[in-house]
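Peer 1: Here is a sequence with its predicted model. Questions after.
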Amino acid sequence: IPPPPNAPPRAPFGARVPWARDPFAGATEGGIVVVVGTRPEAIKVAPVVARLLHLGQPVTLVNTNQQRVMAVDALERLGLAAVHLDPIPISRFAEGPASVTAHILSSCDAMIRRLRPSIVVVQGDTTTAMVGAIAAFYNGVRVAHVEAGLRTGDFANPFPEEFHRTVIATVPTTLHFAPTPRARAALLGE
């Protein structure tokens, strides 16, 4: 069935579309940016976002699309509106973690330069969390890490999450929110 005559042209899955609206329209410059990219991140930061909004804080929730369908589904089910960064082309996943990391880093860097947040909140140990922290650091923005300090002491287990955890912990402007006394002790020991 052909599209209606006034419909915009269709782009290939994951392609940038020049006619798309500004993804940052309505986002708050200088406020708090909360970065998610996976379903677990969306679920775990939902109460943080709700509390910040309840306190009247300017919050922009940003989805990197690391888990495109699952993250969007979780955000919609939780009733959270998010800015969605450029989708990650399927080919990037086939190329491996470094390619996905590079894509998310480029998108996060552009977002941070555009919104100039006062702080970037990341959660957990995903590629999105690590890259959000790195992009914030590169732009001189403080980082708040929710679920900080979890450690196995083995970079191979879980891979690559244990590496991500330690990278985030070394960002010098990070506020660490440890979920357990053991996680707090791990951070203090580093």
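Peer 2: In hand now; what should we look at?

Peer 1: Do a quick rundown of the helices in the protein.
Peer 2: Along the chain, the segments classed as helices by DSSP state H run 39-54, 68-77, 90-95, 97-115, 127-138, 161-170, 181-189.

Peer 1: in the second one, what counts as buried?
Peer 2: Read it as helix 68-77. 68, 71-72, 74-75 (16 or more other Cβ atoms under 10 Å). All C-beta spots, glycine's among them, are computed from the backbone N, C-alpha and C.

Peer 1: Likewise for stretch 169-187?
Peer 2: For stretch 169-187, the neighbour count (16+ other Cβ under 10 Å) marks 169, 171, 174, 176-178, 183, 186-187 as buried.

Peer 1: next one: stretch 85-102
Peer 2: Neighbour-count burial for stretch 85-102, counted by 16+ other Cβ under 10 Å, picks out 85-89, 92, 100-101.

Peer 1: about what we covered before: Throw the buried residues of helix 68-77 into TSV and include pLDDT and distance to residue 165, thanks.
Peer 2: Listed next are the buried residues of helix 68-77 as TSV, based on pLDDT from 0 to 100; distance: Cβ to Cβ, whole Å:
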residue	pLDDT	distance to residue 165
68	85	24
71	92	20
72	91	25
74	93	22
75	92	24
